[in-house]
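>>> Sequence and predicted structure, then a few things I'm wondering about:
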Amino acid sequence: MPRSREILPIVVSLVLFLILEGAGFIMLRKSSSLQGMWVSRVTHHFMAGVWGANQQVGRYFSLKKENDRLAADNHELLSRLQACQKALSDLASEQRVQELQKSHDFSYLPASIVKISRNRQHNYFIIDKGSDDGVDARSAIITRHGAVGIVDAVHRHYAYVLSFQNAEVSVSARLGSEGAMGPLVWDGHSADGALLKEIPLHFKFEKGDTVYTSGFSSVFPPDIPLGVTGDSRIVNGAMHEIKVTLFQDFTALRYVTVVENLGREEIGLLENE
Amino acid sequence: MMSKELGFFGRYMLLLIIQLLLCNYFMMSPYMMLTLLPAMVLSIPLRYTTPQVLLIAFGTALAVDFLADGVPGLNVVALLPVAFARKTFIRWVFGTELFARGEDFSIHKNGLGKVSLVILLSLTLFLILYIWVDGSGMRPGWFFFARFFASLPASYLLSLLAIIYFSINDR
């Protein structure tokens, strides 16, 4: 009891100090843009450190599972590599060679997610790669299961990514390997649901058809499998709207790949002309 | 007792007015700032609890921010840690006897050396925070150090005068 009598005033003082000091920082942030930017920068730096430490603890406890997954990935990639090598040796057409060269117009960079939001309409996540690592705004974020976001803002060591589960994000997608194209958007509620819109009525498709990235935006590379088609409905008597079950489960998202279109600037210049 | 209370607050308000005048009319150089705020916080009688001192310091700093410095929050952010650490500094320098006897410190009773040390500790904490936040990471390191080492002796002399003024009744 005497001990608690000693501790209580210290706790009260500490809480009051933190409240008043916090009020001071809020006033400072609102009163001057320079100090405001500085407070934001220090706060972001601090929060990034906290999130990073959080993630590291989480990762430590899931290392075994992660190693098993990596081993399975490795095995699958080796199998694919062997199949690709065989297919490549059989290919002779110039068109195919050009397609492969085109795919080299993208650079790839592995990254980890340090913070993610899943329960909003405007979800986002933060990755541990920034401008120092060569990440730019408008870079694409993919996983081996599909497209997961677009970089919106970049700091030196971190980047803020608009998740595919964000009302503002759409991915240019294609039905099958040579089918109709339309924007693929999140359905707004499920962890692996999306809607493929603006598919012309005359186009035939089946449930279970695979949806790929079209490659017709300067953000995502072509031919990344995104998901499979489900039920559909006709909108305004003119277009199909198709439900798509994504391959990527956003609740299990942790490691991603940043994809940079090396020709985006040139494409942008051409578009502006 | 009542007159003694009024005496303390009257002198405290006078020093606050002097601080406002210093901020508004005696900014001699961007390298030097004159502050009495840490000395004012130190001079609050020891019978006041830390939460009470924190609230007094908050009000004082806010007044200076709004009426003189023009950046609300700047003095608040720098002065509150001094108010929070005040009893710790006093305990380090003077020991626990002051608290046991319920007395306030003064140059007359405790000597110039110890009073100077507690003033310098408080000023150092205040100036580091103030200059760091004021510069917002935009100023180079040499400017930070130049401003700190120019402001510390000047503010120390002023603070010493303030402490002497506060302890006049103790003689």
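Now that the structure is in, tell me what you want to look at.
>>> Would you map the helices across chain B?
With helices called from DSSP state H, chain B shows them at B:2-25, B:37-42, B:50-64, B:74-94, B:97-101, B:107-110, B:112-135, B:141-166.
>>> I would like the residues contacting the first one, please.
The one in question is helix B:2-25. With contact meaning C-beta atoms under 8 Å, 6 or more residues apart in numbering or on different chains, helix B:2-25 is reached by B:34-37, B:39-40, B:43-45, B:60, B:63-64, B:67-69, B:158, B:162, B:165-166, B:169. Where C-beta positions appear, they are placed from N, C-alpha and C, glycine not excepted.
>>> Buried residues of it, list them for me.
Under the neighbour-count criterion of 16 or more other C-beta atoms under 10 Å in any protein chain shown, helix B:2-25 has B:8, B:11, B:12, B:15, B:16, B:18, B:19, B:22, B:23 buried.
>>> can I assume residue A:188 sits in a strand?
No - Residue A:188 is assigned coil when assessed by DSSP: H, G, I helix; E, B strand; the rest coil, not a strand.
>>> ok, it to residue A:194 distance?
10 Å (C-beta to C-beta, to the nearest Å).
>>> for residue B:62, same thing?
Distance from residue B:62 to residue A:194, by C-beta to C-beta: 52 Å.
>>> Let me see the contact set for residue B:39.
Applying C-beta under 8 Å, 6+ apart, the residues contacting residue B:39 are B:15, B:119, B:122, B:123, B:158, B:159, B:160, B:162, B:163.
>>> returning to what we had before: which one of residue A:188 and residue A:194 has more residues nearby?
Set residue A:188 next to residue A:194 and count neighbours by other C-beta atoms under 10 Å in any protein chain shown: residue A:194 wins out with 27 against 12.
>>> Can you tell me the SS state at the nearest residue to that one once chain neighbours are set aside?
Of all residues not flanking residue A:194 in the chain, residue A:244 sits nearest, at 4.4 Å (C-beta to C-beta, 6 or more residues apart in numbering or on different chains). Put simply, residue A:244 is strand when judged by three-state DSSP.
>>> hang on, the earlier thing: with pLDDT as added columns, please give the contacts of residue B:39 in TSV.
Converted to TSV, those look like this (pLDDT from 0 to 100):
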residue	pLDDT
B:15	91
B:119	94
B:122	95
B:123	96
B:158	92
B:159	93
B:160	92
B:162	89
B:163	88
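>>> Relative to residue A:105, how far out is the closest residue to chain B within the stretch 51-200 of chain A?
Of all residues in the stretch 51-200 of chain A, residue A:156 sits closest to chain B, at 13.5 Å by C-beta to the nearest C-beta. The gap separating residue A:156 from residue A:105 is 26 Å, by C-beta to C-beta.
>>> Likewise for residue B:82?
In terms of C-beta to C-beta, residue B:82 sits 59 Å off from residue A:105.
>>> Give the residue from the two that has the larger number of neighbours.
Taking neighbours as other C-beta under 10 Å, residue B:82 and residue A:105 compare with residue B:82 leading, 25 against 14.
>>> show me the contacts for the more buried one.
Per C-beta under 8 Å, 6+ apart, neighbours of residue B:82: B:37, B:38, B:41, B:57, B:122, B:125, B:126.
>>> rerun at 10 Å
B:37-42, B:53, B:57, B:61, B:89, B:121-126, B:129 (C-beta atoms under 10 Å, 6 or more residues apart in numbering or on different chains).
>>> So among these, which ones count as buried?
B:37-42, B:53, B:57, B:61, B:89, B:121-123, B:125-126, B:129.
>>> just curious, which of those residues is nearest to residue B:77?
Within the buried ones among the contacts of residue B:82, the smallest distance to residue B:77 is 6.3 Å, found for residue B:129 (C-beta to C-beta).
>>> Buried ones in stretch B:155-167, by neighbour count?
Neighbour-count burial for stretch B:155-167 [16+ other C-beta under 10 Å]: B:155, B:156, B:158, B:159, B:160, B:162, B:163, B:166, B:167.
>>> got any ranges where chain A has weak pLDDT?
Applying pLDDT under 70 to chain A flags residues A:1-4, A:32-34, A:82, A:86, A:89-104, A:121, A:271-273.
>>> Quick one: name the residues of it near chain B.
A:9-10, A:12-39, A:41-42 (C-beta under 10 Å from any C-beta of the partner chain).
>>> do that again at 7 Å, thanks
Proximity of chain A to chain B (C-beta under 7 Å from any C-beta of the partner chain) is limited to residues A:9, A:12-13, A:16-17, A:20-21, A:24-25, A:27-28, A:31-32, A:34-35, A:38.
>>> between the contacts of residue B:39, which is nearest chain A?
residue B:122 (15.4 Å).
>>> so what's the closest residue to the closest one other than its chain neighbours up against?
Excluding its sequence neighbours, the residue lying closest to residue B:122 (C-beta to C-beta, 6+ apart) is residue B:38, at 3.8 Å. When contacts are counted by C-beta atoms under 7 Å, 6 or more residues apart in numbering or on different chains, residue B:38 touches B:82, B:122, B:123, B:126, B:159.
>>> what about 6 Å?
B:82, B:122, B:123, B:126 (C-beta atoms under 6 Å, 6 or more residues apart in numbering or on different chains).
>>> repeat for residue B:146
residue B:31 are the contacts of residue B:146 under C-beta under 6 Å, 6+ apart.
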